[in-house]
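J.: model this:
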Amino acid sequence: MRRLLTAVVLSTLLLSLSCSYMGYALRQQGYDGLKRPWIRVRVLQGDVDVTISAKGSFMVRTWDTNDEKSAYYSATPVVVKAASGWLNLLDQKGNLLEQRLRKVTIIAGPQKKLRLNDRMFHGIFEFHPLKSDSFYSVNVLNIEDYLRGVLQPEIGNRTEDEFEAVKAQAVAARTYAFITTDKYPDREYDLINDIGDQVYTGIAGEQDITNRAAKATRGEVLMYENDLIDAYYHSTCGGRTDNIEEVWDKGARPYLVGVADSDFCRWSKFFDWNELYSTSEFLDHIRNYIRTANGDIGKIGERLIEATTSDRTSGGRIKAIQLTTDRGSVVLHKDQIRWALGRHDKPGIMPSTNFVINLDRDDNGVVQQVHVIGYGYGHGVGMCQCGAIGMARVGYTYQQILTHYYTGARIRKLY
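T.: Predicted coordinates:
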């Protein structure tokens, strides 16, 4: 039902607004100059001041605590600063222009781009305060402009013989963007610009090959029957993708079922990998994860006794692992295993849950090292990006790539 409603909303977005009240509201927000459909992407959040500038003048709109509005043009940079749950607006020399604002919108002139600190973006920017002394910045822009800043960060630098994979990525990323518009109902954005959703870097991420892929697939999305699909994707499946319900605590999807990769992703540097931990480092990772999750770390002792894996998914990923120490046992499930185990001497999470674990013991049977040998990178649900690239290299089209990884899905052009 939610996806059907989403599809209806998408169709509505594509119609011209004839209601004069709505037109007025859009003008007040600064949206009236944006090509539709648009999307709202959070690109920054924190307590660090943000400087906004453009080539030429730009419009500044502000809303104060009484919801009164002001609008004016600036030819020089302005600075947005958090202030006790509100926003302050300053000039580049630090002089206060306005204070106790609940919202600031920056709108560039026609065909102009905005610079947020040292990065350039299409569209407009909104700034919203948080209760703490922080705020978040939202880039509102046409979804095709958004895609051009997503494709390279997500699929990397690609060559012409891999162009069909880039087009497949464009359709998947566009679909993901549309279906995720209600993910943050208490915030004034639809997506965030990192791995929590899709990595988005603005104009800096644009390349000729990715721009051409976005243009070639303009408006195309993936649907199952009459609904947009959850177009999840990941780097490297390691040989086989998995059913979504086996990897996450989510319901089954007929189009997100495990499929054989036929070694198309074997070229990936993450097709197979290994991590070697000292026992103390390994237990520290587990302890820190449980602490972050507000769990009981009392059962994580100083000595690892055993590590036992239980059922595996059809793609070979571990569903649960029991870790027994000198103080007791804990069980980790599904994708949380990656976050808990982490990586040796590197930031980030374990590449995948498709692994075997070996405990290296001394002559007295005491575990000295933990050796993990694994396959793949990412959650393993939906399209394998390296597999898509491998398929493109041997002549598969983007349509064939997408229908291989999203079983029963079809491509539909929305606009």
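J.: What is the longest strand seen in the chain packed up against?
T.: The longest strand of the chain (DSSP state E) is strand 96-108. Under the contact criterion of 3 or more Cβ pairs under 8 Å, 6 or more residues apart in numbering; DSSP states H and E, strand 96-108 touches strand 58-64, strand 78-83, strand 86-91, strand 124-129. In short, each C-beta sits where N, CA and C put it, glycine included.
J.: CA atoms only for it, dumped as CSV, please.
T.: What follows is strand 96-108, C-alpha atoms only, in CSV (Å, rounded to 0.1, in the frame of the first residue of the first chain):
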residue,chain,number,x,y,z
LEU,A,96,25.4,39.7,12.6
LEU,A,97,22.7,40.1,10.0
GLU,A,98,19.7,38.3,11.5
GLN,A,99,19.3,36.2,14.6
ARG,A,100,16.9,33.6,16.2
LEU,A,101,15.8,32.2,12.8
ARG,A,102,14.0,28.9,12.5
LYS,A,103,14.8,28.5,8.8
VAL,A,104,17.1,30.0,6.2
THR,A,105,16.8,29.4,2.4
ILE,A,106,19.5,30.3,-0.2
ILE,A,107,18.4,30.5,-3.8
ALA,A,108,20.9,31.1,-6.7
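J.: Just put the helices and strands packed on strand 96-108 in JSON lines and tack on distance to Tyr415 and mean pLDDT.
T.: Below are the helices and strands packed on strand 96-108 laid out as JSON lines (distance: least, Cβ to Cβ, whole Å; pLDDT from 0 to 100):
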{"stretch": "strand 58-64", "distance to Tyr415": "28", "mean pLDDT": "94"}
{"stretch": "strand 78-83", "distance to Tyr415": "33", "mean pLDDT": "96"}
{"stretch": "strand 86-91", "distance to Tyr415": "35", "mean pLDDT": "96"}
{"stretch": "strand 124-129", "distance to Tyr415": "21", "mean pLDDT": "97"}
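J.: looking at the ones you listed, which is buried most?
T.: strand 124-129 (a mean of 22; mean count of other Cβ atoms under 10 Å).
J.: so that one versus strand 78-83, what angle?
T.: 20 degrees (axes from the mean of the first three to the mean of the last three Cα atoms, to 10 degrees).
J.: Can you tell me the SS state at the residue nearest in space to the middle of the chain?
T.: Geometric centre of the chain, nearest residue: Asp197, 1.8 Å, by Cα atoms, centre = their mean. With DSSP: H, G, I helix; E, B strand; the rest coil as the basis, Asp197 sits in coil.
J.: Run a quick neighbour tally on the closest residue to it other than its chain neighbours.
T.: Nearest non-adjacent residue to Asp197, counting by Cβ to Cβ, 6 or more residues apart in numbering: Leu191, 4.3 Å away. A count of neighbours around Leu191, defined by other Cβ atoms under 10 Å, yields 24.
J.: Leu191 reaches Gln198, doesn't it?
T.: Yes - counting by Cβ atoms under 8 Å, Leu191 does reach Gln198; the two are 6.6 Å apart.
J.: Find the residues that touch each one of these two.
T.: Here Leu191 and Gln198 have Ala177 as joint contacts, going by Cβ atoms under 8 Å, 6 or more residues apart in numbering.
J.: Tell me the first helix or strand C-terminal of the host helix or strand of Arg174.
T.: In this structure, Arg174 is located in helix 163-179 according to DSSP states H and E. Later in the chain than helix 163-179, the nearest helix or strand by DSSP H and E is strand 191-192.
J.: one step back: mean confidence for the helix holding Arg174?
T.: Averaging pLDDT along helix 163-179 yields 97.
J.: Then stretch 98-106?
T.: pLDDT averaged over stretch 98-106 gives 96.
J.: How about stretch 402-415?
T.: pLDDT averaged over stretch 402-415 gives 98.
J.: how far out from the middle of the chain is it?
T.: 20 Å (Cα atoms, centre = their mean, to the nearest Å).
J.: Run through who's touching that stretch.
T.: With Cβ under 8 Å, 6+ apart, stretch 402-415 has contacts from 10-11, 14, 37, 168, 171-172, 218-224, 229, 231, 233, 241, 254-257, 259, 382-384, 387-388, 391, 396, 399.
J.: end to end, how far does it reach?
T.: One end of stretch 402-415 to the other measures 19 Å (Cα to Cα, to the nearest Å).
J.: Tell me the buried residues in that stretch?
T.: Across stretch 402-415, burial judged by 16 or more other Cβ atoms under 10 Å covers 402-406, 409, 411, 414.
J.: nearest residue to Asp161 other than its sequence neighbours?
T.: Using Cβ to Cβ, 6+ apart, the closest residue to Asp161 is Arg393 (5.5 Å).
J.: Could you measure from that neighbour over to Asp208?
T.: 19 Å (Cβ to Cβ, to the nearest Å).
J.: do the same with Tyr189
T.: 29 Å.
J.: contacting residues around the residue nearest to the centre of the chain?
T.: Asp197 sits in contact with 176, 180, 183, 191, where contact means Cβ under 8 Å, 6+ apart.
J.: thinking again about what came up before, now, among the buried residues of stretch 402-415, which is nearest to His285?
T.: Tyr405 (31.4 Å; Cβ to Cβ).
J.: Phi first, then psi, for that closest one.
T.: Per-residue torsions, Tyr405: phi -80, psi -30 (degrees, to the nearest 10).
J.: How much space separates it from Ala231?
T.: 9 Å.
J.: and for those two, which residues touch both?
T.: Between them, Tyr405 and Ala231 share the contacting residues 382-383, judged by Cβ under 8 Å, 6+ apart.
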